[in-house]
Structure formats: structure tokens, C-alpha cells
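[1] Structure, please.
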Amino acid sequence: MKNSLQLERLIYLCDTIPSLLTELSETELSYKPLPDKWSKKEILGHLIDSATCNHQRFVRAQFETLPTIVYDQNNWNAFSHYQLMDCKQLILFWSTYNRHLVELIHFIDLENLEKRCLTGGGEQHTIAWLFNDYVTHLEYHLRQILKY
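    Predicted coordinates:
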């Protein structure tokens, strides 16, 4: 991959974050600061949704001509019911899904990394850009959860 730094960064996160998340209690992960604000558990759910959405982008952009893949984060979170789910299951799923994305990105041909996808607001981005943005977005929200 052209920017192996972000790929290495995602591998590092997959190796280190799950154990940090499991140190947090169910109460701490479930606490909602305000009724309309996400709990840490819901932020983790948002990261799972982001992985899901970007997985489609990384795959479909390779064989479809400019696929449009948008994401309504609030409805995805609400209707996925992350607040009601077991924290351990969410942490395991987050970790497994991101390890899958590491493998996927690793095998994408270099020329396919330049293929494009339409996202919200009609913006076009390459797979390479989307992946780098995905990891940056992931780290932003992990900092919210872990306060590091």
C-alpha cells in the first residue's frame, strides 16, 4: 500500500486497543453524558458502523464505477442498539472487523487504491484517501473513549 504508515497504525490499534477497552467497566462504557450524546459504548458502535461503511467503499470501488456509499451515523447508531449490547461482544467485533480491514487493504492492488467512491455531500475520494481518513477518524474517537 502506498501509505503503509496508516496500515501499520491500524495494526497497532488492533493490537493495543482491545485490552485498554476491556479495562473500562460496563458502567463507564454505558454512561451517557446527556440523553442526546453518545455513550462510550455508542461511540464504539459508531466505529463499527464506520468499519462497515468503509468496508463497502474499499471493496465496491474496485469493481463498480464510482459507487455512492453514504452513512447516516445517528440512525445507524440508534437502530443498531449498541447501548443495549454487551461491551465485550462489541470490543471483540470491533477488533475482528478491523483486523479484517487490515487484510483487505493489504491485498488491494496499488492501481485499485486510486479508484474512487462517492461519499456524503457528493464528494469523490480514492480508496487510499478513504483508508487514511478511516484510520484518522478511528483514532479521534478512540481518544474520546480512552481519554488519551
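
[2] sec struct for T65, please.
    T65 falls in the coil class when you classify it by DSSP: H, G, I helix; E, B strand; the rest coil.

[3] residue ranges for the strands of this structure, please.
    Taking DSSP state E as the test, the strands found in the chain are 116-118, 124-126.

[4] which of these is buried the deepest?
    Mean neighbours per residue, mean count of other CB atoms under 10 Å, is largest over these for strand 116-118, with a mean of 19. Placement of C-beta: from N, CA and C, glycine included.

[5] which residues touch that one?
    Taking contacts as CB atoms under 8 Å, 6 or more residues apart in numbering, the residues outside strand 116-118 that touch it are R57, R60, A61, L66, P67, T68, I69, Q124, H125, T126, I127, L130.

[6] likewise stretch 96-108?
    Contacts of stretch 96-108 (CB under 8 Å, 6+ apart): 1, 7, 10-11, 13-14, 48, 51-52, 54-55, 58-59, 62, 127, 131, 134, 138.

[7] Can you flag the buried ones in those?
    Those of the contacts of stretch 96-108 that meet the buried threshold are 1, 7, 10, 13-14, 48, 51, 54-55, 58, 62, 127, 131, 134, 138, by 16 or more other CB atoms under 10 Å.

[8] thinking again about what came up before, now intersect the contacts of stretch 96-108 with the helices, please.
    Judged by DSSP state H, the subset of those located in helices is 7, 10-11, 13-14, 48, 51-52, 54-55, 58-59, 62, 127, 131, 134, 138.

[9] Can you check what pLDDT the model gives the closest residue to L130 other than its chain neighbours?
    Once flanking residues are discounted, L130 sits nearest to R57: 5.4 Å by CB to CB, 6 or more residues apart in numbering. Note on R57: pLDDT of 97.

[10] what do you get for the one 4 residues further on?
    In this prediction, A61 carries a pLDDT score of 98.
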